[in-house]
Every structure is written in structure tokens, then in C-alpha cells.
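[1] Provided below for reference: sequence and predicted model.
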Amino acid sequence: MLTRAALFAELERGGIAPTGQRGIHILQRLSMEGLLCFGPHDAKQPTFVLLDEWVPAAPAMERDDALRTLAERYFGGHGPARLRDFAGWTGLTMADARRGLALAEPLLERVRGEDDEELWMARDDAAAEAPAQRAHLLPGFDELMLGYKDRSASLPAEHAARVCPGGNGMFSNTLVADGRVVGTWKRTTRASMVRVEATSFAPLPTRERERFEAPAARLAHFLGVPVTIVWQ
């Protein structure tokens, strides 16, 4: 496992100057070719590892088996969701997405959404109890946002531009309460603490703000430093 700076140093020792974006493009090319992939961060720095050492080899699958497995896993983790959500998340054609859904259908439950739209979810999820109401500090590239073509179930359309400004594919961190995005947040890391600046779409009562103390405590435990929430 090496940081980007350490890999650039290795390129220098091999007679290849990483300046002028050359190093970045070399790492990108090696990653696209399946030699490298991202490892865990070292503080703020990304690291790279050999893909073959980091990701175990997977057995080869027949096409139908692969399509069925994709559908089972997607709807099991994202349901209730639409066929077009599945196609958009996987990059499959609609024909292949329909094929995968048809193969996985015995393990799925069909439900009806707004406007009588057809949605799918795992059968086990359909019988499960409703989860406890919770608040979350989610990162920008979380599946709650990226896992669906239509995000209106969790993100009100009038606030979409605040989560993805300019529609350029860069998502802000989200404040989520009971499955709905209620604002955004960003963090500032200092030597001995992290400051979370939270901005809600609409004024939140004190009791609603206090619900985010629990996820802040989880973040503090993960980072190993105190986390303070400041509401904007």
C-alpha cells in the first residue's frame, strides 16, 4: 500500500517525472488496466494497492447467472426501486435489465408506487418490520443518492440543485432524517477535532437537530477525534 506521493517518488526513481499531470494520468491508466485500485486513506491522502492482492478473484459466471445476481443484489439493497433505476445503476441496456429482473423475480416482491408505477424489492424486505426512525450524516457519493435515476422519494425536487449544484455529478454530503434528505453538511478537520457545518433546507426544531448528535458521535468514533456540529 503506497500513497500517491510515494508512487510519484517511485516514478521519479525510475526516470519518469510525474509533474504536469503525468503522474495522475499514469495512475489512472494503471487503474483502468486493472493493476492498481484505491486502498484505505492514510489520513487525508489516498493510497493505492495492487488489485490482485486487494480483490480476490471471482469465479466466472454465465451471462444469465450474472444478470440474475445483479438484479437480486440491486433490488435487495435498494428496493423498492424501478427497472430504470436498476438499468441506470448497472449501466445495462434496458433489454438486459429486463432479463435480469425476470430471472430474479422468484426472489423479489412487486409493489406499486405513486401513479401505480411498478417497483421491486426483496421478498424478505417486504415482510420485515419498518426500521426505526433515524438520522444520518451521509457522504456525497452514498447509494441513497447514486443508486437511483429518480431520487424524488428521498430528495425533494426543489432541493436537488443544493445537493448536486449545477447537475455536474458532484454531490454534497447530505443530512438525512427518516429516509428524507433535509439538508447538507461539510466538515473541517483540525488537529484535535472535526467541525461539521450543517445547513438544513428549512429551519429545524431543536429536537430535530439533536437527532444528528448520534451520527456525529459515530463519526467521532470512526475518526478518533471529537466532532462538533455547528448549524448554519
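    It's in.
[2] can you map out the strands along this protein?
    2-3, 36-38, 47-50, 108-112, 118-122, 135-138, 173-177, 180-189, 194-200, 227-231 (DSSP state E).
[3] point me to the residue sitting closest to the centre of this protein.
    D142 (2.5 Å; C-alpha atoms, centre = their mean).
[4] need the nearest residue in space to that one, chain neighbours excluded.
    Spatially, and ignoring its direct neighbours in sequence, D142 is nearest to T174 (7.1 Å; C-beta to C-beta, 6 or more residues apart in numbering). The way it works is simple: take the backbone N, C-alpha and C, and place the C-beta from them, glycine included.
[5] list the contacts of the one you found.
    138, 140, 142, 144-145, 155, 163, 181, 183-185 (C-beta atoms under 8 Å, 6 or more residues apart in numbering).
[6] re earlier: and the strands of the chain, which is most packed in?
    Compared across the strands of the chain, strand 173-177 shows the largest average neighbour count, a mean of 22 (mean count of other C-beta atoms under 10 Å).
[7] how close does M61 get to V182?
    41 Å (C-beta to C-beta, to the nearest Å).
[8] circling back: in JSON lines, list the contacts of T174 along with pLDDT and distance to L50.
    Putting the contacts of T174 into JSON lines (pLDDT from 0 to 100; distance: C-beta to C-beta, whole Å) gives the following:
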{"residue": "L138", "pLDDT": "95", "distance to L50": "30"}
{"residue": "G140", "pLDDT": "90", "distance to L50": "28"}
{"residue": "D142", "pLDDT": "92", "distance to L50": "27"}
{"residue": "L144", "pLDDT": "90", "distance to L50": "31"}
{"residue": "M145", "pLDDT": "91", "distance to L50": "31"}
{"residue": "L155", "pLDDT": "91", "distance to L50": "38"}
{"residue": "V163", "pLDDT": "93", "distance to L50": "35"}
{"residue": "V181", "pLDDT": "95", "distance to L50": "37"}
{"residue": "G183", "pLDDT": "95", "distance to L50": "40"}
{"residue": "T184", "pLDDT": "96", "distance to L50": "36"}
{"residue": "W185", "pLDDT": "96", "distance to L50": "35"}
